[in-house]
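**Q** based on what follows, work out the 3D shape:
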Amino acid sequence: MMPLVAAAIAPHGFPIIPVLSDDAEGALETRKQMERLGLVFKDAAVEAVVIAGPHGIRVDGSFAVVDAARVAGTLRWNGNVAEMNAPCDRPLLESLTKAAGESGLPVSRVSYAGNRADQAVAPLDWGAMTPMWFLGHDQNKEGSGDVLAPAPDPNSSPGVVLVTPSRSLPLNMMVEFGRAIGLALEEDSRNVGFVASCDWAHTHREDGPYGFHESAARVDRAVVDALRRNVPESLLELDRHDIETAAIDGLWQTLMLAGVQEVVPLTIDVLSYEAPAYYGMIVAMAMPDGR
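**A** Numbering: from 1, shown residues only. Below you'll find the predicted structure:
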């Protein structure tokens, strides 16, 4: 068996996508490190990747897993457009839902459009599209970013499995689901990867949509520190009031990474942290020990 070969924490502030903004709205270091991350996944020849993010289809009280043949979406920023159409990796989808079900975790397979699995197409959100862009899906073909667009090359790589957690579930269940992800990845015969799609505090600036709160900088510092110490599970101890007032959206997915880390020992390397707008962004690699 070929186990997990690469994992990461990646932001989804989509102006970092080059075709959307020349200056990444001030996050050029984030863009640079995402390009570096993409090279790591390319060098590891990742064929399929599980991406856990906060902005996909949600099912209350359950982990939603996209059950489709492919995904398609479009992002717009200041008159610029990014389009994407990518295959889902159905074997890894089956392995993940099986592992989670056997662990007694609530899993919902969510679909869209066609009722047959080989015809279903799910819409992409920015939480998935942004990391996917840097992992090889940057063709930006005009007219492709729609669920009714023609299917992409089924061999385009990496295929994806998209997961969205419910925040009504207890935080420790995120770690448990991460273990199930780790088991599914370890049982795959190919080079596979995992990405926790995360932005952090959204209350860094008064002119942002959530206003300013002094907890934003404190929470982001705590997260960066936990990752540098290679103990993402310690984020279970974050103050609940701070979680709310800082308006973070990366905690749940990072706790999944902590669960993956229990199955596959990983060393986390924080490549960058920036908050040029109202939200914080971290780029971090999490590479298997000794591989």
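
**Q** for the stretch 1-150 of the chain, which segments count as helices?
**A** Here the stretch 1-150 of the chain has its helices, by DSSP state H, counting those that start in this stretch, at 28-43, 90-102, 126-134.

**Q** quick check: buried residues in the first one?
**A** Of the residues in helix 28-43, those with enough neighbours to count as buried (16 or more other C-beta atoms under 10 Å) are 29-31, 33-34, 37-38, 40-41. Using the backbone N, CA and C atoms, a C-beta is placed for each residue, glycine as well.

**Q** just stretch 39-57 next, same as before
**A** For stretch 39-57, the neighbour count (16+ other C-beta under 10 Å) marks 40-41, 44, 46-57 as buried.

**Q** got the helices of the stretch 1-150 of the chain as CSV, with distance to I9 and mean pLDDT columns?
**A** CSV is the format used below for the helices of the stretch 1-150 of the chain (distance: least, C-beta to C-beta, whole Å; pLDDT from 0 to 100):
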stretch, distance to I9, mean pLDDT
helix 28-43, 9, 98
helix 90-102, 19, 97
helix 126-134, 10, 98
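
**Q** now the ones you listed in CSV, with distance to S21?
**A** Below are the helices of the stretch 1-150 of the chain laid out as CSV (distance: least, C-beta to C-beta, whole Å):
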stretch, distance to S21
helix 28-43, 9
helix 90-102, 32
helix 126-134, 12
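
**Q** out of those helices, flag the one nearest V163.
**A** helix 90-102 (7.7 Å; C-beta to C-beta).

**Q** give the other helices and strands that the closest one contacts.
**A** If you count contacts as 3 or more C-beta pairs under 8 Å, 6 or more residues apart in numbering; DSSP states H and E, helix 90-102 packs onto strand 48-52, strand 63-66, strand 107-110, strand 159-164, helix 171-186.

**Q** so which of the helices of the stretch 1-150 of the chain comes closest to G159?
**A** With respect to G159, and counting by C-beta to C-beta, the nearest of the helices of the stretch 1-150 of the chain is helix 90-102 at 7.3 Å.

**Q** what angle separates that closest one from strand 48-52?
**A** If you take axes from the mean of the first three to the mean of the last three C-alpha atoms, to 10 degrees, helix 90-102 sits at 50 degrees to strand 48-52.
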